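J.: 3D, please:
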Amino acid sequence: MEKKTSTDCTPNDIKIVETVSEELANSQNIDTVANFLKIISDPTRLKIIMILENHEVSVNDIAVLMNMTKSAVSHQLKVLKNAGYIKDRRSGKNKYYSLFDEHIMVIIHSAYDHVNHC
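T.: Coordinates of the predicted model:
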């Protein structure tokens, strides 16, 4: 039985198409990786991640560093926290943010290396 597709093309190399099709079917994390890249592709969120690379920083200090309102920064921090990329700690009336783990920086540094290499 022939598989119906939405393409109007026929494969040049059916073996490659079948092999890659199986590989794609087994790649359950594609959507997760795409969402990760979508979240960190926002320049504001990327800057916040860079600020937090080596420091635990209060929302007020992030707002000052970013030249943004506390509300705007808080919104971006919420996105990053909900995604599991950062964590927070309350001390009195202040909230301090830091990276959840260092894995995210490996990816970001690789991206910087790639951009600088080109």
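J.: contacts, neighbours, all on C-alpha from now
T.: OK.
J.: Distance check, residue 85 against residue 16.
T.: Taking C-alpha to C-alpha, to the nearest Å as the criterion, residue 85 is separated from residue 16 by 36 Å.
J.: Looking at those two, which one has more neighbours?
T.: With other C-alpha atoms under 10 Å as the criterion, residue 85 and residue 16 differ in neighbour count, and residue 85 comes out ahead with 20 against 11.
J.: For that one, list the residues it contacts.
T.: By C-alpha atoms under 8 Å, 6 or more residues apart in numbering, residue 85 lies in contact with 99, 100, 101, 104.
J.: again, but for residue 101
T.: 85, 86.
J.: May I have the secondary structure class of it?
T.: Using DSSP: H, G, I helix; E, B strand; the rest coil as the criterion, the local structure at residue 101 reads coil.
J.: How confident was the prediction at it?
T.: Per-residue confidence (pLDDT) for residue 101: 88.
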